[in-house]
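J.: Need a 3D model of the sequence below.
(one chain, ligands or ions: 1)
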Amino acid sequence: MTSTWAFLGPSGTFCEMALQQVAPDNARLEPCQDVATALDRVRERVADSAVVPIENSVEGGVNATLDNLVASAPLVIAAEVAVPVTFVLAGRPGTSLDRVRAISTHPHAWAQCRGWVHLNLPEASYVAGTSTSAPARALAESDDPLSFEAVLCNPLAAQRYGLEVLAGGVADNPDAVTRFVQVTRPGRVGEPTGADKTTLMVQAPHDRAGALLDMLEQFSARGVNLSRIESRPVGDSLGRYRFSIDVEGHIREERVQAAFIGLHRTCPMVRFLGSYPRLDARPVVVPAGTSDKDFIVARAWVADILAGRTI
Ligand SMILES: O=C(O)C(=O)Cc1ccccc1
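T.: Numbers count the residues shown, from 1 in each chain. Modelled structure (predicted):
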């Protein structure tokens, strides 16, 4: 049976390149206007999965994704993918570089090429695009006059839409990587691989000294290592934050469950956002005293006490 995959479109985005790494060959593709629409397609059961950007090595977390994952009906991350992001400046065939007055692209792409533009086209202004390939397609297909003459997109998109590369290698950081995730509706949680990651969103306990430390202690007390933590405003008033966190380990592991139970007891909001294999497949180091076996043995000891078998 074919599955339907939503992504940030149109064809030619970095998101589509990420999707190609995880989707089956016969997947039906559903290009969307923005990240929120792609995730809603999964909630509405129009799509089985969505592939969306979550973190960039230059810009950090992708807020549209981090916030949307906790905004409405629950979704979970099933897999992660990294895509090296390389940009070209492209225009309609025959466009000369010194004629470029305005450039359109996705805000994340603009942020990653700003230095090059400042140096090489200091007069050029920026026109926000919904993705890197949306303005590329518009340049190629629109008969109307556009408010820009060039786009920043990946070399494949320039080729796909028949645009001419006016300059290559325009990224300020040539090693930039964006991490994308495959998102699905929640189901029975799969088995751990030993090299897994778990994503969650937590609202710290109420405003008081040490609240953040107390939250972090839930992880450190169980030997659970954090690989990413970012604060996001809750949105209803100034000064209220929740934390988007990646931890090393799987929700089927005892120490991760113990940390989740601790958070649930002490924090106003905790949302599980998926346990999935780590991109680098590096096995998680489990500190002494926090393995599943350690928990099972300790629980059996308490059971013995309760049954009067141990004093
Ligand atoms: O617009 C795209 O091509 C995307 O997939 C979003 C994006 C934009 C810039 C860097 C990484 C991802």
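J.: Can you name the residue of the stretch 151-300 of the chain nearest to the ligand?
T.: For the stretch 151-300 of the chain and the ligand, the shortest gap (C-beta to the nearest ligand atom) falls at residue 178, measuring 4.0 Å. For every residue, glycine as well, the C-beta is placed using N, CA and C.
J.: what helix or strand does that residue sit in?
T.: strand 177-184 (DSSP states H and E).
J.: That strand - contacts with which helices or strands?
T.: helix 14-22, helix 35-43, strand 49-56, strand 76-84 (3 or more C-beta pairs under 8 Å, 6 or more residues apart in numbering; DSSP states H and E).
J.: Following element in sequence after the last one, please.
T.: Scanning forward in sequence from strand 76-84, with DSSP H and E defining helices and strands, the next element found is strand 88-91.
J.: Ok, the first one next?
T.: Heading C-terminal from helix 14-22, the first helix or strand you meet, by DSSP H and E, is strand 28-32.
J.: Local confidence estimate at the residue of the stretch 151-300 of the chain closest to the ligand?
T.: Note on residue 178: pLDDT of 95.
J.: ranges for the helices of the stretch 51-200 of the chain?
T.: Using DSSP state H, counting those that start in this stretch, the helices assigned to the stretch 51-200 of the chain run over residues 63-68, 107-120, 133-141, 155-160.
J.: Tabulate these in a markdown table, adding columns for distance to residue 225, mean neighbour count and mean pLDDT.
T.: Compiled in a markdown table, the helices of the stretch 51-200 of the chain are given as follows (distance: least, C-beta to C-beta, whole Å; neighbours: other C-beta atoms under 10 Å; pLDDT from 0 to 100):
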| stretch | distance to residue 225 | mean neighbour count | mean pLDDT |
| --- | --- | --- | --- |
| helix 63-68 | 20 | 19 | 93 |
| helix 107-120 | 28 | 17 | 95 |
| helix 133-141 | 37 | 23 | 97 |
| helix 155-160 | 36 | 20 | 96 |
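J.: To residue 224, which of the ones you listed lies closest?
T.: Residue 224 sits nearest to helix 63-68 of all these, at 20.0 Å, using C-beta to C-beta.
J.: can you list contacts of that closest one?
T.: Contacts to helix 63-68, defined as C-beta atoms under 8 Å, 6 or more residues apart in numbering, come from residues 34-36, 39, 52-54, 181, 201, 230, 232, 244.
J.: What subset of these is buried?
T.: Among the contacts of helix 63-68, those buried by neighbour count (16 or more other C-beta atoms under 10 Å) are 35-36, 39, 52-54, 181, 201, 230, 232, 244.
J.: Identify, from these, the entry nearest to residue 133.
T.: Of these, the one sitting nearest to residue 133 (C-beta to C-beta) turns out to be residue 53, at 13.5 Å.
J.: Spell out which residues sit in contact with that closest one, please.
T.: So residue 53 contacts 8, 14-15, 18, 35, 62, 65, 108, 178-180 (C-beta under 8 Å, 6+ apart).
J.: Find the centremost residue of this protein, please.
T.: residue 54 (1.5 Å; C-alpha atoms, centre = their mean).
J.: That residue and residue 60 touch, don't they?
T.: No: using C-beta atoms under 8 Å, residue 54 is not in contact with residue 60; the gap is 10.4 Å.
J.: Of the contacts of helix 63-68, which ones also sit close to the ligand?
T.: residue 53 (C-beta under 6 Å from any ligand atom).
J.: Make CSV out of the contacts of helix 63-68 and add pLDDT.
T.: Output for the contacts of helix 63-68, formatted as CSV (pLDDT from 0 to 100):
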residue, pLDDT
34, 96
35, 96
36, 97
39, 98
52, 98
53, 96
54, 96
181, 98
201, 97
230, 94
232, 92
244, 96
